[in-house]
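Novice: Return a 3D structure for these sequence lines:
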Amino acid sequence: MLTSRRLSLLLLAILIVLQWYVWFGKGGWLKVWERQAELAKREAENLSRKQRNAAIEADVADLKSATGAVEERARQELGMIKQGEVFVQVLDARSTTP
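Specialist: Sure thing, here's the model as predicted:
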């Protein structure tokens, strides 16, 4: 038969093995903490991307609905002018000196 000392050691060994799996096993606490940190990081990235997408959608809606926005973009980004307009370029004195 098992003595009380051997029984205690056996139970302690079983407890250690079970705790090992709880902390370091496939679904242990350390893995859970790692996954939670990864989830928080991805949620922050998703929020940033959602905000960027909302800004792009607002630009698209503005460009679809208003011709003024299209004209403004054409003037600023492409340097286009309307027929009959005169284009005047003003140079900064500081940028022209060698």
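
Novice: In terms of helices and strands, where is residue 46?
Specialist: According to DSSP states H and E, residue 46 maps onto helix 29-65.

Novice: That helix - what's its average pLDDT?
Specialist: Helix 29-65 carries an average pLDDT of 91.

Novice: so how far is it off the chain centroid?
Specialist: 5 Å (Cα atoms, centre = their mean, to the nearest Å).

Novice: Which residue is the nearest non-sequential neighbour of residue 69?
Specialist: Distances taken as Cβ to Cβ, 6 or more residues apart in numbering put residue 62 closest to residue 69, at 4.7 Å, once the chain neighbours are dropped. Every C-beta, even on glycine, is put in place using the N, C-alpha and C of the backbone.

Novice: re the thing from before, and the next element down the chain from the helix holding residue 46?
Specialist: helix 67-78.

Novice: Just the residues contacting that next one, thanks.
Specialist: 62, 63, 80, 81, 82 (Cβ atoms under 8 Å, 6 or more residues apart in numbering).

Novice: Report the inter-axis angle for it versus helix 29-65.
Specialist: Angle between the axes of helix 67-78 and helix 29-65 is 110 degrees (criterion: axes from the mean of the first three to the mean of the last three Cα atoms, to 10 degrees).
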